[in-house]
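K.L.:
A predicted structure for the sequence below; I have some questions about it.
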Amino acid sequence: MSQVPFIEFTEEMRKDYTILVPSMLPIHFELMAAAFEKHGYHCVMLKNENANVVNQGVANVHNDTCYPALLVVGQFMDALQSGQYDPHKSALLLMQTGGGCRASNYVRLLRKALSESEFNDVPVISINFTGLESHSGFQLTPPFLLDILYAFLYGDFLMWIYNQARSHEVHQGDSKKALDYCMDYLLRLLNGKGFHHAKKRYREILTVFNQVELDGKERIKVGIVGEIYMKYAPLGNQHLEDTLVNEGVEPVVSGVLDFAQYCLYNMQIDQKLYGSKALGSIASKVLTHLLAKKQAEMEETIEKYSRFVKPTPFTEVIKSGEGVISKGVKMGEGWLLTSEICELMNQGIYNVVCAQPFGCLPNHIVAKGMMRKIKDKYPQSNIVAIDYDSSASPINQMNRIHLMLENAKMGHFMHEE
Amino acid sequence: MNVGLDIGSTTIKCVVINEAKEIVYQSYERHKSRVREMALEKLQELKDLLAGETIHLSITGSAGMGISQTAGFPFVQEVFAGAFAIRDRLNNVDIEIELGGEDAKIVYFQGAIEERMNSSCAGGTGAFIDQMATLLNVDIDTFDEMSLKAERLYPIASRCGVFAKTDVQPLINQGAKKEDIAASIYQAVVDQTISGLAQGRPLKGKIVFLGGPLTFLKGLRRRFVETLDLDEEHALFPEGGQYYVALGAAIHAGMQKESYTYDEVIRRLQLAMQTKEDIATLKPLFKDQAEYDEFIKRHQADDVAYNDLSTYEGKAYIGIDAGSTTTKIVVLDEDCRILYQHYQSNHGNPVEVIKQQLTHIYELAPQLKIGGSAVTGYGEDLIRSGFRVDDGLVETQAHYEAARYFNADVDFILDIGGQDMKCFKIKDHAIEDIILNEACSSGCGSFLETFAISLGVSIEDFAKKALFAKHPVELGSRCTVFMNSSVKQAQKNGATVEDISAGLAFSVVKNALYKVIRLKNKDEIGKEIVVQGGTFLNDAVLRAFELELGHEVIRPSIAGLMGAFGAALYTMKRHHETSSLLSYEEVKNLTHQAKPVMCQGCNNHCHLTLNIFPNGRRQIAGNRCDKPVSGKAKTVELPNLYTYKYDLLMSYPDITDRKVTIGIPVALNMFENLPFWYAFFDSLGYGILKSGKTSKKMYIKGQQHIPSDTVCYPAKIVHGHIAELVDRKVDYIFYPCMTYNFDEKISDNHFNCPVVAYYPELIDANMDVDHFLYPYISLNDQASFEKHIYTYLRQAGFKVSRKGIHEATNKGYAEYARYQEQVNLYAYKAMQFARANHKKMVVLAGRPYHVDPFIHHGISDLLESLGLVVLSEDSLAHFVGYEKRDVINQWTYHARMYNAARVVGQNPDMELIQLVSFGCGIDAITSDEVRAILQSYGRLYTQIKIDEISNLGAVRIRIRSLLAAMKEREENDESSTVY
């Protein structure tokens, strides 16, 4: 017996409703919101990060629910309460993965919270890998999907380049200006010619970033891995990338399309291990191939036309984890997280922050659980696991990040003699 | 001169060294959160030494980060600072263990250098020991001396301070010797260090121990040395170990290029002192004195009337509340006026307090006729037996009695006591819902008190300071440990004691409202609210509550005595003809002796405390079952699915006479899949060795291999089972990874939770097991299973045939079906028995592995001893079919709980108690859903959170609250029945 009603996003709503999306990946989601606009929806990425976000999360979801769920729900509730959006003309959109982790409950938790609040007629649209609900006013047509895919490709690209540029910029703020310029350019482009011809666009973006004067100095690199929300969302990880840049090191954050490929890849593994439906596996092969091709274009362009380091192809990332973790571990970030750490090590990036929600179930296995094996394989590894939580104090988190950083900076000193 | 300043969470350490690296000055002081002021004063004090010198200065320590930034001095992370000092002063150190105020650190020097700090959810530090000493009401030196005289150790949860407290408090109440408790607390710190910090890396070689606690506390040192089995050569406690981190900072300073003049140093520190960083603040509690006066006047309306004890001639009723940290007594006259009241910290000995008080009352009023007496609270059993008290009642009942007196229409009661928070929702004059705080949301009174003391202020003064604070700090609202670090953060940023006190008042309130009650909108908790409990005597907390809620509430003047007041009202209503309470002479001559004993009744070997009163009256505390009380096995045996299932699984005999033996750990999902694998491997011709019954010894054996200290307890236990199988030299250990469970057609998908599914992967990564077989396999589809297991076993070198696998698989499924049938049949009979004998049934809704007595801590036996028939979730799940849920219903084990809840909802003679393991993230989802299902049938939801904690005191209260509410509801139903 279900008590929470399903509110449909109707054709009517499409006209004057604003679809709100959380600020999980600021660059990607901003571009995605624009793709929504292009396809006839009003869409806004939320930017609220005040204390009420956390308070609302705490009040609306169970205490022990993972922090990302709490933040996402809290950010929506705060936005609806803010008066900035008409609650009777707003819809909420969540992207999620499904699977055996409790995180697959986000949409249900959000609906439950809404149904118990004054906003009980706000529709929630879920985009996920495991089955779409039907909303007569919301259709993911192939061209729309393609634009969303491009939003993510450009997002990954910009995030990757921006982190390198800003860690080395001579004039503070140059990289941010380049980023803003490129975002602006892409947004205009979308409404004109569209997102296509990515290779050309990459080159144009690189031309902009190539103008940023860099100091050419070697920086300590710090990889960020973790639970997907905590890894990317500044609201969740308290602007970890900015913090690291301010500490004078270069954050290395791999793209979110790796995660998408991981999810697709798992369908193939499921078929191999448990003999599940072949159809999903075939579809997954086609899609992973497409994504790999798109990523390869990105890598090539970076290598050819810029001073920047290119990201590792996903096929390499897959190999990195082999012998450390089985690919059967598919809940949460699963084997991808461990493989990402190993790949960073292979790149010579031994310093890693593993950002995770307090009490994250899959991370017991794939993060903390694999530390020993990783340390055995890469004795120089310098990994710090940071637990994020509604009231964990930033000072404790900073102190641990400092420990990792100092180990990175002075590790050599301790090894002398 | 090189100066190192180590500013930790509680202390400030300063070391000055000269060019030759000789220490010319060192100091160690508590800073009482005057971080910036103390830093400046320290340097001013050193004027004679430093003026005119070229100064290098580095700062370290968690509270030093902010000051180093604003003052612009180099900062060195404290773990590194410690390592610098060790490298400089000591030779060939392999491992450093440093315990500080709130952090614990470990550095491995040998091999791959590695530094670690405790995770955020981990106590076992100086502040924790301080808290425990406060709890025992001794200063830290006495605490330490006491620990050296210990005769035995009690098991105390070592996860964090809050958890430990839950274990320690009942020990105190049960009268365990303080000496033993002190040593046990140290042992908990040691265990925490081993499991939380070492995490599998062995603690071997030359170990140096640093930091304040390890420098000053001999007992703690002894526990470390004994536990790690170190000799003098391998356990180093260097002279001045508390200064090492500061010394390291001084050495670090010496490596810096930048230097300062003395005046420059002072100027920068002055600047830092004046700079206050932005911190989130809240509205003041009161605008001005006038607003405060009005507030006080309003609450005075809820004062109770008094009568004179010494001249009173009528019948008197005595109510006693033997709470967790305090004992309260109220004596009422026939008109409910108070003749006598008393509230005091019981200092670990409620018996002594009550003896004194009763003697005092008898002496004040020799003419007094006792009409009845009642006791409630943690110490209920002990006091009732010791003093022959007439009635005993559960706390919830006592509090409702009392609140009803002040407002007959009360619909919500919130009681915040020393370390418990209780909320009751009342509907139609019956308790509709009870919410108790969990260990992990325990921002209660004793936290405020401990905190006040750590700042060197009495709790009364601390509360007063809050009233007119201008900028109360926004602190977190999770558990004590997290609050401590939030406070630390605020201190770092220069918040005053006043602001912190007010901020903490808000935290306590927000914790109650948003974490415990989980208030979504302010109307849902009703309009007729009574707040009580000692913590609400703090005007700051009361005010914060009213502000946060937005309307006024009733706080009786006897807020701290409500339990005792309610108990007295209760016994008055019972109209006893005579009271059995001990007479004056008897009380005066009462001698009481507490003795620790170990129960020999069964394999659990529970630690019991035997309280011996004169005339040989004995009271046993710490028991889980009736065995030690009655001296024999259970007098009446009731059907108990938990016992039945466990015995059934344990009855599969080991097969040891075959060439190759496969070891199977009986843990997590193996608790249900064992019949399958047993029959499977038996059919294939392999010997089978099950891991034995879980025990503390077994747990400790595997403890050091646990990589994540926040994983659930049932998972942690797996390590012990594996270690045991390794010791028993089986040829293989078989423990498959199972993403999917059986599809029982009652859920949308059929996953296992991530921990159950992939724990074998973690075992492989963290334990050295030869021949560890952990295939990824699903039992859901027979054809696919056969294919995959065949390939896997062949690759692993087993000479199996397709045919053999097929037969074995058939046998496996058959055995699993047989096991399920047996369980279902037993459940059916249990229900028949219950109905024929008019017994209530309780469904303990957990997971298959919760039948392990080591995991459920004897809860099922406790229920049985209370006259209940215990059923399990799986035995009821098949009575109803699939139904759509509001949450994603995708885990097989959890789907069973939803179905069981529906069955309970439809059967008035059943109740449900959900067993939740600490750290089970899935249960954050399921507990809300199970509650919603039960509520849709108008039923009570009860949850018991289980972890390492083995004391059943708090569990008893929950269960008894449930029973009391059941009974009350039944009575109300009867009275409302017309025909």
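P.N.:
Great, that's in hand. Quick caveat: nothing in here was measured; it's all calculated off a predicted structure. Numbering: from 1, shown residues only, chains lettered A, B, ... in the order given.
K.L.:
please save the CA atoms from the helix or strand of chain A with the lowest mean pLDDT in CSV.
P.N.:
The helix or strand of chain A with the lowest confidence, counting by mean pLDDT, DSSP states H and E, is helix A:394-415 at a mean of 78. Extracted as CSV, the C-alpha positions of helix A:394-415 are listed here (Å, rounded to 0.1, in the frame of the first residue of the first chain):
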residue,chain,number,x,y,z
PRO,A,394,35.3,21.3,8.8
ILE,A,395,38.3,21.7,11.1
ASN,A,396,38.6,18.0,11.6
GLN,A,397,38.3,17.5,7.9
MET,A,398,40.8,20.1,7.1
ASN,A,399,43.2,18.7,9.7
ARG,A,400,43.1,15.3,7.9
ILE,A,401,43.5,16.9,4.5
HIS,A,402,46.5,18.8,5.9
LEU,A,403,48.0,15.6,7.1
MET,A,404,47.7,14.2,3.5
LEU,A,405,49.1,17.4,2.0
GLU,A,406,52.0,17.5,4.4
ASN,A,407,52.8,14.0,3.7
ALA,A,408,52.8,14.9,0.0
LYS,A,409,55.0,17.9,0.5
MET,A,410,57.4,16.5,3.1
GLY,A,411,57.1,12.8,2.7
HIS,A,412,60.5,12.7,1.1
PHE,A,413,61.9,14.3,4.2
MET,A,414,60.6,11.5,6.4
HIS,A,415,62.1,8.9,4.1
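K.L.:
and it, what's buried?
P.N.:
Buried residues in helix A:394-415, counted by 16 or more other C-beta atoms under 10 Å in any protein chain shown: A:395-411, A:414. Just so you know, the C-beta spots here come from the backbone N, C-alpha and C atoms, and that holds for glycine as well.
K.L.:
please list which of those residues also come close to chain B.
P.N.:
By C-beta under 8 Å from any C-beta of the partner chain, the members of the buried residues of helix A:394-415 lying near chain B are A:395-396, A:398-400, A:402-403, A:405-407, A:410-411, A:414.
K.L.:
just the pLDDT for B:Gln600.
P.N.:
Reported pLDDT at B:Gln600 in the predicted model: 64.
K.L.:
which parts of the stretch 201-350 of chain A are strands?
P.N.:
All strands of the stretch 201-350 of chain A, identified by DSSP state E, counting those that start in this stretch, fall at A:221-226, A:250-252.
K.L.:
out of those strands, which is the most enclosed?
P.N.:
Mean neighbours per residue, mean count of other C-beta atoms under 10 Å in any protein chain shown, is largest over the strands of the stretch 201-350 of chain A for strand A:221-226, with a mean of 25.
K.L.:
right, is it up against chain B?
P.N.:
No. Strand A:221-226 stays clear of chain B (C-beta under 8 Å from any C-beta), getting no nearer than 14.4 Å.
K.L.:
other residues contacting that strand?
P.N.:
With C-beta atoms under 8 Å, 6 or more residues apart in numbering or on different chains as the contact definition, strand A:221-226 has outside contacts at A:231, A:237, A:240-241, A:244, A:249-254, A:333, A:337, A:340-341, A:344, A:349, A:351-356, A:363, A:367, A:404-405, A:408.
K.L.:
residue nearest the centroid of chain A?
P.N.:
Using C-alpha atoms, centre = their mean, the residue of chain A that lies closest to the mean C-alpha position is A:Tyr232, 4.3 Å off.
K.L.:
how far away is it from chain B?
P.N.:
Distance check for A:Tyr232 against chain B: by C-beta to the nearest C-beta, to the nearest Å, it reads 20 Å.
K.L.:
OK, contacts around that residue?
P.N.:
Neighbouring residues of A:Tyr232 by C-beta under 8 Å, 6+ apart: A:Met24, A:Leu25, A:Val253, A:Val256.
K.L.:
test my guess that B:Phe451 contacts B:Leu504.
P.N.:
Yes. Taking contacts as C-beta atoms under 8 Å, B:Phe451 lies within contact range of B:Leu504: 6.7 Å.
K.L.:
list residues touching both of the two?
P.N.:
Listed contacts common to B:Phe451 and B:Leu504 are B:Val487; contacts here mean C-beta under 8 Å, 6+ apart.
K.L.:
looking at the two, which is more packed in?
P.N.:
For the pair B:Phe451 and B:Leu504, the greater number of neighbours falls to B:Leu504 (29 against 22), based on other C-beta atoms under 10 Å in any protein chain shown.
K.L.:
average pLDDT for the host helix or strand of that one, rounded please.
P.N.:
Applying DSSP states H and E as the criterion places B:Leu504 in helix B:497-510. Here helix B:497-510 scores 89 as its mean pLDDT.
K.L.:
domain parsing for the chain?
P.N.:
You didn't say which chain, so I picked chain A. The record's domain parsing of chain A by automatic domain parsing lists A:11-138, A:220-254+A:312-417.
K.L.:
let me rephrase: I mean chain B.
P.N.:
B:2-118+B:176-274, B:315-407+B:566-588, B:413-553, B:643-820, B:825-976.
K.L.:
how about the ones you listed in a markdown table, adding distance to chain A?
P.N.:
Shown next, in a markdown table, are the domains of chain B (distance: least, C-beta to the nearest C-beta, whole Å):
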| stretch | distance to chain A |
| --- | --- |
| domain B:2-118+B:176-274 | 4 |
| domain B:315-407+B:566-588 | 22 |
| domain B:413-553 | 3 |
| domain B:643-820 | 4 |
| domain B:825-976 | 4 |
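K.L.:
mean pLDDT for these: which is lowest?
P.N.:
The weakest mean pLDDT among the domains of chain B belongs to domain B:413-553, with a mean of 80.
K.L.:
chain neighbours aside, what residue packs nearest to residue 199?
P.N.:
By default, I'm working from chain A. Among residues not flanking A:Lys199 along the chain, A:Glu297 sits closest, at 5.2 Å (C-beta to C-beta, 6 or more residues apart in numbering or on different chains).
K.L.:
not what I meant, chain B
P.N.:
Using C-beta to C-beta, 6+ apart and skipping the chain neighbours, the partner closest in space to B:Gln199 is B:Pro707 (5.2 Å).
K.L.:
for the one you found, give me its contacts.
P.N.:
A:His364, A:Lys368, A:Gly369, A:Met371, A:Arg372, B:Gln199, B:Gly200, B:Leu762, B:Ala765, B:Asn766.
K.L.:
which of those ranks first by neighbour count?
P.N.:
Counting neighbours by other C-beta under 10 Å, B:Leu762 comes out on top of the contacts of B:Pro707 with 30 neighbours.
K.L.:
which stretch of helix or strand covers it?
P.N.:
Judged by DSSP H and E, B:Leu762 forms part of helix B:754-766.
K.L.:
and that helix, how far from the chain's centre?
P.N.:
Here helix B:754-766 is found 25 Å from its chain centre; the criterion is C-alpha atoms, centre = their mean, to the nearest Å.
K.L.:
what residues does that helix touch?
P.N.:
A:100-101, A:324-326, A:328-329, A:331-332, A:361-362, A:364-366, A:369-370, A:372-373, B:200, B:668-669, B:705-707, B:711-712, B:715, B:718-719, B:722, B:735-739, B:751, B:769, B:772, B:774, B:893.
K.L.:
what ranges do the strands span in the stretch 401-550 of chain B?
P.N.:
In the stretch 401-550 of chain B, the segments counted as strands under DSSP E, counting those that start in this stretch are B:412-416, B:421-427, B:430-436, B:529-532.
K.L.:
cool, thanks, signing off.
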